[in-house]
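Q: Fold the stuff below for me.
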Amino acid sequence: MELACAELADALRRAGMRVEWLAQAEGVVPDRPGIDHIPLAGTDFIYALSGVPAPLPMPWTLPTIARAVRRADVVIIAEANFALSVVAFVVAKWHRKPIFLVQHVGEPSTVSKMARAVMRAGEALAVRPMVRTAEAVVYVSPVVARHFDGVRTRPDSETIGHGLDLGLFRPSAGADERDADRAALAPGQNGKIAAVVGRLTESKGIMVVAEMARRRPDWTFAIAGTGPVDPARWELGNVRILGQLDRAEVARLYRASDTLVLPSPSESFSLVVREALASGCGVLCSEQILETDAGLAPFIVTEEVDLRDVAGTAQHFAAALDRTPTASADEARAYVARQCSPDFLFSRYLRLIERLADNCGHRA
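A: Reported below is the predicted structural model:
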């Protein structure tokens, strides 16, 4: 989500807009002239305990938020499900600033019943009222849009996916590059490599990956990401723990791997699937991914995910590692290039923002 926002901010900058980014997170804000990062003090102890991202800004950040909102012509809020988003929304309404809401999350996917209950309560009390009253809403995929079908929204509501840097996410230039990448990732191992990219939480299916690694010692599982689950505790020789990688390193991981494994039962868009396909890497994921785009079916291998039955899901996924999609890697990359063209997708964002500013009597 943060990386997608960074790419949007950079697109707005290139279009001649000045961007002020208020966020607790650091390290994802593009270091570009015209993008001013305003860091906010806060905590995310809930994520450390549960794996559910729930950053909380400190109360003394409110004046900083209010000053930034007053300076803005349009307030862009990425995801209504966070406390900072709710605060920014209320402040923007108070100052009568047009609000552009980008909604990434639909149905809560966490395995914790308590966390799901809290998220559903938050959706009823805050998210749906925000979706209903924002001047413009963008859903990142049809599955998110369907989740909010019953919410009456303003006319400016669209479904727009994420853009993809096809220069960064590309197939290997040749056998030498691929061999070098593989040797760096899994030295001394000659078998196939399965990449795992994302948050290391139970809701993302990471325990399915653990069971797969136990069942398929002939595969190396290269895991990139951080979270409350520590794969080192599995004590499996065919698991490589890479930690948090930057975008260039993730692209290299895709090029070195035979397939991306994503046993997550719920995805709003799943950018990693598109990144892997653009990089010439196979994809093994949940059937639910097709809800974000049914057109992906010829290019990926899918299995049903049931996190209530980790062992059974892992058995099916482990067997599916040997399956191949019906379409070629070149066809998959061409499809992703058409669907995730940054110029096309970001131009739709720009038109919405400019129309919103004009309708509300503000400058873009």
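Q: Just to be sure, residue 355 is in a strand?
A: No - if the criterion is DSSP: H, G, I helix; E, B strand; the rest coil, then residue 355 is helix and not within a strand.
Q: what number of residues lie near residue 16?
A: Neighbour count of residue 16, defined by other C-beta atoms under 10 Å: 9. Where you see a C-beta, it was placed from the backbone N, CA and C, and this is true even at glycine.
Q: distance of it from residue 164?
A: 23 Å (C-beta to C-beta, to the nearest Å).
Q: what do you get for residue 303?
A: Counting by C-beta to C-beta, the gap from residue 303 to residue 164 is 24 Å.
Q: And residue 149, by the same measure?
A: Counting by C-beta to C-beta, the gap from residue 149 to residue 164 is 27 Å.
Q: Could you tell me which residues make contact with residue 77?
A: 85, 88, 89, 92, 99, 100, 101, 102, 130, 134 (C-beta atoms under 8 Å, 6 or more residues apart in numbering).
Q: That should have said residue 298, apologies.
A: 325, 326, 327, 331, 332.
Q: Just those residues: which are in helices?
A: 331, 332 (DSSP state H).
Q: Closest one to residue 45 out of the contacts of residue 298, please.
A: Nearest to residue 45 among the contacts of residue 298, counting by C-beta to C-beta, is residue 332 at 40.2 Å.
Q: Weed out the non-buried ones from the contacts of residue 298.
A: For the contacts of residue 298, a burial check counting by 16 or more other C-beta atoms under 10 Å picks out 325, 327, 332.
Q: from those residues, which is closest to residue 169?
A: Among the buried ones among the contacts of residue 298, and counting by C-beta to C-beta, the member closest to residue 169 is residue 332, at 11.8 Å.
Q: so what's the nearest residue to that closest one once chain neighbours are set aside up against?
A: For residue 332, ignoring the flanking residues on the chain, the nearest one in space by C-beta to C-beta, 6 or more residues apart in numbering is residue 299 at 3.8 Å. Contacts here follow C-beta under 8 Å, 6+ apart; on that basis residue 299 touches 277, 283, 325, 327, 331, 332, 335.
Q: which residues touch the closest residue in space to residue 126 that isn't next to it in sequence?
A: Using C-beta to C-beta, 6+ apart and skipping the chain neighbours, the partner closest in space to residue 126 is residue 86 (5.1 Å). By C-beta under 8 Å, 6+ apart, the contact list for residue 86 reads 80, 126, 130.
Q: Tabulate the residues you listed in CSV, adding columns for pLDDT and neighbour count.
A: Formatted as CSV, the contacts of residue 86 follow (pLDDT from 0 to 100; neighbours: other C-beta atoms under 10 Å):
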residue, pLDDT, neighbour count
80, 89, 24
126, 86, 18
130, 92, 23
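Q: Now, the residues you listed that are in helices?
A: Those of the contacts of residue 86 lying in helices (DSSP H): residue 130.
Q: Pipe the contacts of residue 86 into CSV and attach distance to residue 35 per row.
A: CSV is the format used below for the contacts of residue 86 (distance: C-beta to C-beta, whole Å):
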residue, distance to residue 35
80, 23
126, 27
130, 25
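Q: between the contacts of residue 86, which is closest to residue 22?
A: Checking the contacts of residue 86 against residue 22 with C-beta to C-beta, the nearest one is residue 80 at 15.3 Å.
Q: That closest one contacts residue 132, doesn't it?
A: No - Residue 80 is not in contact with residue 132 according to C-beta atoms under 8 Å; the separation is 10.4 Å.
Q: Next, the buried residues of whatever helix or strand residue 338 lives in.
A: Using DSSP states H and E, residue 338 sits within helix 329-339. By neighbour count on 16+ other C-beta under 10 Å, the buried set for helix 329-339 is 329, 332, 333, 335, 336, 339.
Q: just to revisit the earlier point, quick check: helices, which of the contacts of residue 77 are part of them?
A: 85, 88, 89, 92, 130.
Q: Excluding sequence neighbours, find me the nearest residue to residue 142.
A: Excluding the flanking residues, the one nearest residue 142 by C-beta to C-beta, 6+ apart is residue 159, at 5.9 Å.
Q: ranges for the strands of the stretch 51-200 of the chain?
A: 56-57, 75-78, 99-103, 136-139, 156-159, 192-197 (DSSP state E, counting those that start in this stretch).
Q: Check which helix or strand residue 20 maps to.
A: Here residue 20 is assigned to strand 19-23, by DSSP H and E.
Q: who are the neighbours in contact with the closest residue to residue 60 other than its chain neighbours?
A: The spatially closest residue to residue 60, leaving aside those adjacent along the chain, is residue 41, at 7.2 Å (C-beta to C-beta, 6+ apart). When contacts are counted by C-beta under 8 Å, 6+ apart, residue 41 touches 24, 57, 58, 60, 61.
Q: In those, which residue is surrounded by the most others?
A: That'd be residue 57 among these, by other C-beta under 10 Å, with 21 neighbours.
Q: Low-confidence bits of this protein, can you list those?
A: Applying pLDDT under 70 to the chain flags the ranges 25-30, 46-53, 107-116, 118, 152-156, 187-189, 360-364.
Q: care to break it down by domain?
A: By the record's domain assignment, the chain is partitioned as 2-163+341-359, 175-339 (automatic domain parsing).
Q: Start and end of the last one, how far apart?
A: Across its full length, domain 175-339 reaches 28 Å between end residues, using C-alpha to C-alpha, to the nearest Å.
Q: ok so, going back, any idea which of the buried residues of helix 329-339 is closest to residue 69?
A: Nearest member of the buried residues of helix 329-339 to residue 69, counting by C-beta to C-beta, is residue 339, at 34.0 Å.
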